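Q: Output the structure for:
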Amino acid sequence: MLAQSAVLAALLAAAQPAQTATGVPLDARWKVTTYDLARSKFHQPAWGWQHSERNYRIALELARGDGLRVDTDVLFAAAFLHDADSLDFLGDIGAARTISLTGESAETFGGKAM
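A: Residues are numbered from 1 along each chain as shown. Purely as a prediction, here's the structure:
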């Protein structure tokens, strides 16, 4: 009977959708994978996983306040992956790569540094 109870408890836990630290639903395997990546690699609080959770919640609140329908899959991907390219996966994880904004601006604006 104890083994059956343990199996039942495990099945019930698996059936309940996982969620992030702030309650964002992890209702698809890709979201679990993305969130696990963010939690394990994106440590910088200004643009790490905490920032992603804030972005998700604020965007959802603003959209709903304006009566807009939200595709939460798209919102989740945007919130959790939009800063991924600014992180250095080859070096110290969580440290931002140095990006020369002046150089990028000069390239973008016809050779004139901003």
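
Q: Only C-alpha atoms from now on, for both contacts and neighbour counts.
A: Fine.

Q: Would you map the strands across the chain?
A: 18-19, 25-26 (DSSP state E).

Q: Can you tell me which of those is packed in deepest?
A: strand 25-26 (a mean of 17; mean count of other C-alpha atoms under 10 Å).

Q: For that strand, give the mean pLDDT please.
A: For strand 25-26, the mean pLDDT works out to 96.

Q: Other residues contacting that strand?
A: 17-20, 32 (C-alpha atoms under 8 Å, 6 or more residues apart in numbering).

Q: likewise stretch 67-86?
A: 31, 34-35, 38, 42, 47-49, 52-53, 55-56, 59-60, 63-64, 96-97.

Q: List only buried entries from the residues you listed.
A: Applying a neighbour-count criterion of 16 or more other C-alpha atoms under 10 Å, the buried members of the contacts of stretch 67-86 are 31, 34-35, 38, 42, 47-49, 52-53, 55-56, 60, 96.

Q: Which of those residues fall within helices?
A: Per DSSP state H, helices hold the following members of those: 31, 34-35, 38, 49, 52-53, 55-56, 60.

Q: which two in the residues you listed are spaced the farthest apart?
A: A38 and L60 (19.4 Å; C-alpha to C-alpha).

Q: if we can go back for a sec, turn the buried ones among the contacts of stretch 67-86 into TSV, including pLDDT and distance to D85.
A: Formatted as TSV, the buried ones among the contacts of stretch 67-86 follow (pLDDT from 0 to 100; distance: C-alpha to C-alpha, whole Å):
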residue	pLDDT	distance to D85
K31	96	18
T34	93	14
Y35	94	16
A38	89	12
F42	83	11
W47	73	11
G48	81	12
W49	87	14
S52	92	14
E53	94	17
N55	94	17
Y56	97	18
L60	96	23
A96	41	9
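
Q: among those, which two are most distant?
A: Every pair of the buried ones among the contacts of stretch 67-86 checked by C-alpha to C-alpha; the farthest is L60 and A96, at 26.9 Å.

Q: Which pLDDT value belongs to S105?
A: On the pLDDT scale, S105 gets 43.

Q: again, but for the one 5 residues further on
A: Note on G110: pLDDT of 50.

Q: next one: V70
A: Looking at V70, the pLDDT reads 95.

Q: What is the burial count for it?
A: 12 (other C-alpha atoms under 10 Å).
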